[in-house]
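1. just to be clear, the model below is a prediction. Sequence and coordinates:
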2 protein chains.
Amino acid sequence: MTAVGSKCRVCKEPAVIDLPRHNAHFCAEHLQQLCRRQMTKAIDDFGMLSPDDRILVAVSGGKDSLAIWDMLVEAGYSADGLYVSLGIGDYSTESGGYVQRFADERGLNLQVIDLRQDYGYDVPTASKATGRVPCSACGLSKRRLFDRAALDGGYDVVVTGHNLDDEAAVLFGNTLRWDIDYLARQLPVLPATNGFPKKVKPLIRLTEREMAAWCLVRGIDYVVEECPIAAGNKHLAYKESLNAIEARSPGAKSAFFLGFLDRMAPLLAGHSAAAAGELNRCAECGEPTTGEVCAFCRLVEKAAKHDPVPVELVLSKRARKAYS
Amino acid sequence: MTAVGSKCRVCKEPAVIDLPRHNAHFCAEHLQQLCRRQMTKAIDDFGMLSPDDRILVAVSGGKDSLAIWDMLVEAGYSADGLYVSLGIGDYSTESGGYVQRFADERGLNLQVIDLRQDYGYDVPTASKATGRVPCSACGLSKRRLFDRAALDGGYDVVVTGHNLDDEAAVLFGNTLRWDIDYLARQLPVLPATNGFPKKVKPLIRLTEREMAAWCLVRGIDYVVEECPIAAGNKHLAYKESLNAIEARSPGAKSAFFLGFLDRMAPLLAGHSAAAAGELNRCAECGEPTTGEVCAFCRLVEKAAKHDPVPVELVLSKRARKAYS
């Protein structure tokens, strides 16, 4: 990940990674120090976690969620994991394997929800049955199941592994459309409210590349492939746009996202639809919703009735080619 | 500009241009109709002009400013031109020639200001003398001279040729930095206030490509090259980023800029520094400023004392290559 012969900025030992946005190279030890400090700064700046919190980490088997689980446990937090098996063919089987091995090797508590076994559907089927794009059906399912598991399990807070690249790309998309409702809700801490648990993102100051390096130097195995259904989606295109800007102006991505939190988010406080409107209780499950029956119950209702759809049928052309 | 054999959406005659964001092709006549309608809609939506306004058009010799002057005169407005010769070598000489011929051929009133003759400096020299990037020295000079000429000449409003691509690129840069002050001021109409004339941008709904086509079908000759000093600047890089996004999602650029005006600009009203602070009168020229002596007078003071700097000395490496 770096030029041969370069030295760590801190200790002058051989470096393992160069980080242009910090204009420096780092060895394995001081890369970890940087990651720990950036996580701690995010937690402190935004009041994400208290030392005694019972934490539920939403894990996918990718680098970010396994890294944050590792970092939190290392920092002395009490953190259990929750994995939702989404039924995305071999990709889900493989991802679940990484999560299970990570937890087993470290003696950590892992809860597993299997969409097909526990709720009678999977993401490809939900996508076809509802006409939603797969990433939308997936996100809705995961959000609701994380929320429910956290409340049922008495956790204080849900942690997700969203990193700086993820958040900047979502912000970029919301900004291109000036979706004020989404912009107003794009915060690193969503407080517990209206029947939702507190949700936080301690990796917002760290990049994908830094998290991959964390996993490498910590010996964490993770699923490297992107989700095959996500290939070609707009979120990935936004990441590419931002990467091109970052390559030209190192630090631009971080300035974009953290500058938003610092200067724009305060101006948008109170402008989300949820903040403005009253929430009802879903007639089916009792959870908060702006409608009568919540989007998740409507999705389950349609998807569980539908014949199972194999993952190949919801792949984009480009993804089918890569997947075959 | 279009595939051979395609037909105009309106009249089915052979098309001269395809516009993916309108998902259509147009012939020369109906391209003009589209341009006229978009200009009229911008003028009406934002209250830019009244039929009896005396208009001063800031012209550069490029396609946009000559096109808007042409469009306004064609629509029956009373519009004079103002050209500021910036002293950017052959580029300025050439640009001035296009403007003069345009005005002469149509019997229009053109006022010319020559920075070197009238103020004792030029843009390359101002850039070196003040340490500002050339585009900053240039923008500051033009803004102030347009303002002054409009007030001195008793004009009701200054029109500039900023098109959708220009405005979207500026917005993109301001958004990447979340520069709230600049964002709050990025409006298609700046009302007359505090000693500033009213300034409007009637081309905000039309793209560079549409304006080039307007000039082509109307037989308007203009300077095609970009300013040699601007080559490689961030503004052009932002245009490239947006063009890549537009190519993927036709209409995204317009949604970005017009969505900002529609949904975000109202939330930023009153957040500009000028709106918040008191303005003083410049001790030198008496014009409004946030300081004691205005930025323009400070620039003139330094630049006019400095030995003239030839344009080649302020070109970027890339531009020098292209220019030689």
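-> Thanks, I have the structure now.

2. helix, strand or coil for residue A:5?
-> Three-state call for residue A:5 (DSSP: H, G, I helix; E, B strand; the rest coil): coil.

3. spatially nearest residue to it (excluding sequence neighbours)?
-> residue A:14 (7.8 Å; C-beta to C-beta, 6 or more residues apart in numbering or on different chains). (C-beta placed from N, C-alpha, C; glycine too.)

4. quick check: the one you found vs residue A:167, distance?
-> Going from residue A:14 to residue A:167 by C-beta to C-beta, to the nearest Å gives 32 Å.

5. next, give phi and psi for the spatially most central residue of chain A.
-> Per C-alpha atoms, centre = their mean, the C-alpha nearest to the average position across chain A is that of residue A:162, at 3.6 Å. Backbone torsions of residue A:162, given as degrees, to the nearest 10, read phi -60, psi 130.

6. so what's it up against?
-> A:64, A:201, A:203, A:204 (C-beta atoms under 8 Å, 6 or more residues apart in numbering or on different chains).

7. only whichever of these are buried, select them in ChimeraX.
-> Burial among those is assessed by 16 or more other C-beta atoms under 10 Å in any protein chain shown; the matching ChimeraX selection reads:
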select /A:64,201,203,204
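
8. which ones among the contacts of residue A:162 map onto helices?
-> Assigned to helices by DSSP state H, the following of those qualify: residue A:64.

9. CSV please, covering the contacts of residue A:162 and showing distance to residue A:137 and pLDDT.
-> Putting those into CSV (distance: C-beta to C-beta, whole Å; pLDDT from 0 to 100) gives the following:
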residue, distance to residue A:137, pLDDT
A:64, 21, 98
A:201, 22, 98
A:203, 25, 98
A:204, 25, 98
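
10. residue A:86 and residue A:92 touch, don't they?
-> Yes - the pair formed by residue A:86 and residue A:92 meets the contact definition of C-beta atoms under 8 Å, at 5.2 Å.

11. going along the chain, name the helices of the stretch 101-250 of chain A.
-> A:123-130, A:134-152, A:164-176, A:180-185, A:208-218, A:234-248 (DSSP state H, counting those that start in this stretch).

12. show residues contacting the last one.
-> Identification of contacts with helix A:234-248 by C-beta under 8 Å, 6+ apart yields A:21, A:135, A:165, A:168-170, A:172-173, A:176, A:226, A:230, A:252-253, A:256, B:176, B:237, B:241, B:244-245, B:248-249.

13. just the buried ones from those residues, in PyMOL syntax?
-> Per 16+ other C-beta under 10 Å, the buried members of the contacts of helix A:234-248 correspond to this PyMOL selection:
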select buried, (chain A and resi 21+135+165+168+169+170+172+173+176+230+252+253+256) or (chain B and resi 176+237+241+245)
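
14. closest one of the contacts of residue A:162 to chain B?
-> residue A:204 (15.2 Å; C-beta to the nearest C-beta).

15. what about the closest residue to the closest one other than its chain neighbours, neighbour count?
-> Nearest in space to residue A:204, with sequence neighbours left out and distances taken as C-beta to C-beta, 6+ apart, is residue A:188 at 5.0 Å. Number of residues near residue A:188 (other C-beta atoms under 10 Å in any protein chain shown) recorded here: 23.

16. pretty sure residue A:188 sits against residue A:203.
-> No - Residue A:188 lies out of contact with residue A:203 (C-beta under 8 Å); the separation is 9.5 Å.

17. list residues touching both of the two?
-> Joint contacts of residue A:188 and residue A:203 (C-beta under 8 Å, 6+ apart) are residue A:42.

18. give me the nearest residue to whichever residue of the stretch 201-324 of chain A sits closest to chain B, chain neighbours excluded.
-> Closest residue of the stretch 201-324 of chain A to chain B, C-beta to the nearest C-beta: residue A:259 (3.9 Å). Leaving aside its sequence neighbours, residue A:259 sits nearest to residue B:178 (C-beta to C-beta, 6+ apart; 3.9 Å).
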